[in-house]
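**Q** Fold the following, please.
(one chain, ligands or ions: 2)
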Amino acid sequence: MGSLSFLSQHPFQQFKKDRHFYLRYDAFYLAACVGISALMLVTHFPSITAGVEWKPWHFAVGVPVILYFLICAHLWIHNATHGNFPKAINRLVGEVLGVIVFVRYASWDIVHMRHHRFSDDSGKDPHPTYPSYWKSFFHSIVYVERQLQQQYCDVWGDTEENRRYEAFRAKVSYGTNIVLAISWYLFLGPVGFFAFFLPLNIFAAAFVGHFNWSTHNGAAGRDFRPVNLNHGYYWLGNKLFTGIYFHANHHKRPNLFNPARWESKFGPQEPCVDTPREEQAA
Ligand SMILES: [Zn+2]
Ligand SMILES: [Zn+2]
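**A** Ligands and ions are numbered 1, 2, ... in the order given. The predicted model follows:
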């Protein structure tokens, strides 16, 4: 990561070229977070919210604004994995967003490329769809890490030694999560962290989980595949969040920042699988 050339690279490409890439990547973040936390403690950094006299309007305004931004951060990191920001800054945008959404850019990239390759394969998709949204959401929390390890074995060989190596790497990654959380806590202060950052990030992740569930036809309860949705709430969601519910379009053309803009780019719109839930049940 010493030269600027890393700014134009995708983590998944590095992961496939270097068997130690991801361990080193998370070890770098672990060391950086330890260093930043230590610096804040040693210098008695007061947190950016120290001295704020909290009033109800801080929460009334702060919660929706920060939630909107965090949801966008979760969606923009998705665009970064597809290289949809200008090439000169795409990697940097992904890394910054990866720290904000907590899971870091490389894991997002590796896991999401696997989702595109094996979408709706219940044994290989990192977040396969089930008829229940909640089952899909909670299952994916555990399954994403398992599929990250499987991806390593798919590239570098499914051996006992590689399984042990990945079990160790997972511990380093979990440790990095803990120290990253401590860094955010020291930076934001107790209210900033526990009233805003942590719960709203969890809510944003649940929102993105619902986006994934609904656009893989979760509400139909069967026939899971990427679909385009634009009825009812989804129409508003498409306006607020750059066409995210046009997910069938996204799976066909991942390089569209706004997959609702299919028509202006490629001619006639793909058929919209836009059947309201009542009709799907019939
Ligand atoms: Zn998908
Ligand atoms: Zn994608």
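**Q** now for the longest helix along the chain, which elements pack on it?
**A** Criterion DSSP state H: the longest helix present in the chain is helix 160-191. Here helix 160-191 touches helix 21-42, helix 133-156, going by 3 or more C-beta pairs under 8 Å, 6 or more residues apart in numbering; DSSP states H and E. Bear in mind the C-beta positions are built from the backbone N, C-alpha and C, glycine included.
**Q** In JSON lines: these, plus distance to residue 167 and mean neighbour count.
**A** Listed next are the helices and strands packed on helix 160-191 as JSON lines, based on distance: least, C-beta to C-beta, whole Å; neighbours: other C-beta atoms under 10 Å:
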{"stretch": "helix 21-42", "distance to residue 167": "12", "mean neighbour count": "16"}
{"stretch": "helix 133-156", "distance to residue 167": "8", "mean neighbour count": "17"}
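**Q** what about these, which gets the closest to residue 197?
**A** Residue 197 sits nearest to helix 21-42 of all the helices and strands packed on helix 160-191, at 14.9 Å, using C-beta to C-beta.
**Q** The longest helix of the chain - what's its average pLDDT?
**A** On average, the pLDDT along helix 160-191 is 96.
**Q** ok and that helix relative to helix 21-42, angle-wise?
**A** Per axes from the mean of the first three to the mean of the last three C-alpha atoms, to 10 degrees, the angle that helix 160-191 makes with helix 21-42 is 30 degrees.
**Q** what comes up buried for helix 160-191?
**A** 162, 165-166, 169-170, 172-173, 176-177, 179-189, 191 (16 or more other C-beta atoms under 10 Å).
**Q** sorry, back to before: lowest-confidence stretch among the helices and strands packed on helix 160-191?
**A** Mean pLDDT values for the helices and strands packed on helix 160-191 show the minimum at helix 133-156, a mean of 92.
**Q** got the angle for it vs helix 21-42?
**A** 120 degrees.
**Q** who touches helix 133-156?
**A** 15-16, 19, 22, 107, 110-111, 114, 124-130, 159, 162-163, 165-167, 169-170, 173, 206, 209-210, 212-214, 218 (C-beta atoms under 8 Å, 6 or more residues apart in numbering).
**Q** Stretch 9-29 too?
**A** By C-beta under 8 Å, 6+ apart, the surrounding residues in contact with stretch 9-29 are 1, 81, 83, 91, 94, 99, 104-107, 109-110, 113, 151-152, 155-156, 165, 168-169, 172-173, 176, 180.
**Q** Hmm, residue 216 is touching residue 228, no?
**A** No: look at residue 216 against residue 228 with C-beta atoms under 8 Å: they stay out of range, at 11.7 Å.
**Q** more neighbours, these two?
**A** The residue with more neighbours, out of residue 216 and residue 228, is residue 216; 26 against 23, by other C-beta atoms under 10 Å.
**Q** dump the residue contacts of the more buried one.
**A** Per C-beta under 8 Å, 6+ apart, neighbours of residue 216: 119-120, 129, 224-227, 247.
**Q** For the helices and strands packed on helix 160-191, give me a markdown table that also has distance to residue 49.
**A** As requested, these are exported to a markdown table (distance: least, C-beta to C-beta, whole Å):
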| stretch | distance to residue 49 |
| --- | --- |
| helix 21-42 | 13 |
| helix 133-156 | 29 |
